[in-house]
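1. predicted model, plus sequence, below.
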Amino acid sequence: MKNAVIVEGINCFNIKQILESGQIFRFQKINDTTYIIVAKDEIIKVGHQPNSTSILICNSRIGDLEQIWKPYFDLETNYMEITDILSNKDEHMQKAVEFGRGIRILRQDPWEMLISFIISQNNSIPQIKNCIENITKKFGEKLENVDSEIEYYSFPTAEELIKIPEEELRECKVGFRAPYIIDACKKVVEGEINLNEIFTMKTSIARNILMKIKGVGPKIADCVLLFAYGKMEVFPTDVWIKRVIEGLYFEGREQKLQDIQQFAKDYYGELAGYAQQYLFYYARENELFKK
DNA sequence: AGCCAGGTCCTCC
DNA sequence: GGAGGACCTGGC
């Protein structure tokens, strides 16, 4: 049933950079070249040496490589071309791309991304991970696990989560975000928002729909659009991105969110989402323009 | 002890 | 329509 596959001939792939560029919360580091990822109700182990063009994926079902993992890891996209175009923009982008050359934008589950990024607001990464783990442990279903003693759980669906009273949700330490999660559950279960339809929607329309959920503003909507729906032209603008854009392109002068969005649209165009990932990873890892 | 963290809401002007 | 404060929680 379960198997290990090796994918070969992949460049611009670095598992550490992919997982630590802030787009995913459910993973665990085993060592520098091995990580466990929980996604698509599967627990896979990924082995990858920096600079190697082959990737080892353990414990996936036979046939899942084509169906699930190639799209998930965005392996069909030509990152040579993307990194090339962005590197040629200016010397800052060249540095940022060089630093995170192995980043790929994962195609994750919309519902999980929505709730995860609602939790992310005004929160720290370790705490975000804890909240999500608490929620999956408490309300998800135990996943079949072939070679690890650690237990992992599925991410509960909207239908499952909506049954949970607020107090119980707060036991997962989500704090003031609990009502936001509940509102997302309501809108999805009652059909006011159809997460599947967003795949085929124009980005600006999709963004407005996501923002109807309480606790979902422009930043969270853009994260969901980028990390789940593959809308590559969005430019999620958090404090790090704001500071790095101001620092690199505006001589440190403070810019309004609107101005940064406009700059990204004009300057990066269709590649804004990729640019955002390289810049975020570059700025955060090196603590550039930190307050 | 007090401040801060991958934002957003609410109130008031 | 924009500025300014409040917000759960745990780590430093």
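-> Yep, it's here. Residues are numbered from 1 along each chain as shown, chains lettered A, B, ... in the order given.

2. interface residues of the stretch 1-150 of chain A facing DNA strand B?
-> A:22-23, A:120-125, A:127-128 (C-beta under 7 Å from any atom of the strand). Placement of C-beta: from N, CA and C, glycine included.

3. which among those residues are in contact with DNA strand C?
-> A:122-124, A:127.

4. so can I have CSV of those residues showing distance to A:E159?
-> As requested, these are exported to CSV (distance: C-beta to C-beta, whole Å):
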residue, distance to A:E159
A:N122, 28
A:N123, 25
A:S124, 30
A:Q127, 26
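
5. pick the one among these closest to DNA strand C.
-> Closest approach between those and DNA strand C, by C-beta to the nearest atom of the strand: A:N122, at 4.7 Å.

6. next, the closest one: secondary structure please.
-> coil (DSSP: H, G, I helix; E, B strand; the rest coil).

7. what segments of chain A are strands?
-> A:2-7, A:27-31, A:34-39, A:42-47, A:55-61 (DSSP state E).

8. check what contacts the longest one and list those residues.
-> In this case it means strand A:55-61. Strand A:55-61 has contacts (C-beta atoms under 8 Å, 6 or more residues apart in numbering) with A:1-7, A:10, A:13, A:15, A:42-48, A:65, A:68-69, A:73, A:146-147.

9. give me the buried subset of those residues.
-> Buried members of the contacts of strand A:55-61, scored by 16 or more other C-beta atoms under 10 Å, are A:5, A:7, A:10, A:13, A:15, A:42-48, A:65, A:68-69, A:73.

10. of those residues, which pair is most distant in space?
-> Spatial extent of those (C-beta to C-beta) is set by the pair A:I10 and A:I43 at 21.6 Å.

11. check what pLDDT the residue in the stretch 101-250 of chain A that DNA strand B sits nearest to gets.
-> Using C-beta to the nearest atom of the strand, the single residue of the stretch 101-250 of chain A nearest to DNA strand B is A:G217, 2.4 Å away. You'll see A:G217 listed with a pLDDT of 98.

12. same question for A:M1.
-> 56.

13. mind pulling the model confidence for whatever residue of the stretch 1-150 of chain A ends up closest to DNA strand B?
-> Residue nearest to DNA strand B within the stretch 1-150 of chain A: A:G22 (2.2 Å; C-beta to the nearest atom of the strand). Per-residue confidence (pLDDT) for A:G22: 94.

14. what does A:K231 give?
-> 98.

15. how about it: what's its closest non-neighbour residue?
-> A:L225 (4.1 Å; C-beta to C-beta, 6 or more residues apart in numbering).

16. give the residue spans of the stretch 101-250 of chain A that score low on pLDDT.
-> Across the stretch 101-250 of chain A, nothing is flagged by pLDDT under 70.

17. and the helices in it?
-> A:110-120, A:125-139, A:158-161, A:166-170, A:178-189, A:203-210, A:218-227, A:239-249 (DSSP state H, counting those that start in this stretch).

18. okay, the angle between the last one and helix A:218-227?
-> The one in question is helix A:239-249. On the basis of axes from the mean of the first three to the mean of the last three C-alpha atoms, to 10 degrees, helix A:239-249 is oriented at 90 degrees to helix A:218-227.
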